[in-house]
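>>> Please work out how this folds:
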Amino acid sequence: MTQSTKLTLALEAIDRANRADPNREQVEGESLPKEYAYSLHMTRWLFALEAEPSERMQIACRAQHIERWAIPRSDFGEGRKNYYQWRQACGRMHGRRAAEIMAECGYPQEECARVETILTKRELRNDPDTQ
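As a prediction, this is how the structure comes out:
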C-alpha cells in the first residue's frame, strides 16, 4: 500500500483533529479518543472491502466523523426530525473540514469537492463512492 505525500499529510491532519476528541473509548484495552478510534476502525473496514481504495475514499472514510463532538446531538432536541437535522449538520461539517484539509495538503478543488459530496451523502443513490 503506497501512499502519496498528499494522502499521508491529509490522513495525519484528520488523525490530529480526531485525537482532540474529549470523549474516550476502550479499544483492545487502550483508551483512545472516540472519533480517532472510529476513524481507524472505518479505515480497516474500507481495506477489508477494497484492497486498493482510491485516495479520496481513504480520506472520506477517515474523515467520516471528523470532529463530530463539536456539534452535540443535544443541541438539536429530541425526535426523529431533529436527529436527521443533526446528522445533516454533522455531514456538512465533516465534508467541509475534509475538503479544507485536502486543499491545505495540495489536492485540486475537484477532489476536495468530491470528498465533500461523499461525506454529505449527496447523490447517495447515483454515486457509487457515496454508497
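
>>> for the chain, what spans make up the helices?
Along the chain, the stretches classed as helices by DSSP state H are 5-19, 34-49, 55-62, 80-104, 109-120.

>>> ok, and which of these has the densest surroundings?
Mean neighbour count (mean count of other CB atoms under 10 Å) peaks for helix 55-62 among the helices of the chain, with a mean of 23. Placement of C-beta: from N, CA and C, glycine included.

>>> Show me the contact partners of it.
Outside helix 55-62, the residues that touch it by CB atoms under 8 Å, 6 or more residues apart in numbering are 3-4, 6-7, 10-11, 14-15, 39, 42-43, 45-46, 50, 53, 98, 101-102, 111, 114-115, 118-119, 129.

>>> Distance to I71 added to the helices of the chain, as JSON lines?
Output for these, formatted as JSON lines (distance: least, CB to CB, whole Å):
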{"stretch": "helix 5-19", "distance to I71": "14"}
{"stretch": "helix 34-49", "distance to I71": "12"}
{"stretch": "helix 55-62", "distance to I71": "18"}
{"stretch": "helix 80-104", "distance to I71": "5"}
{"stretch": "helix 109-120", "distance to I71": "14"}
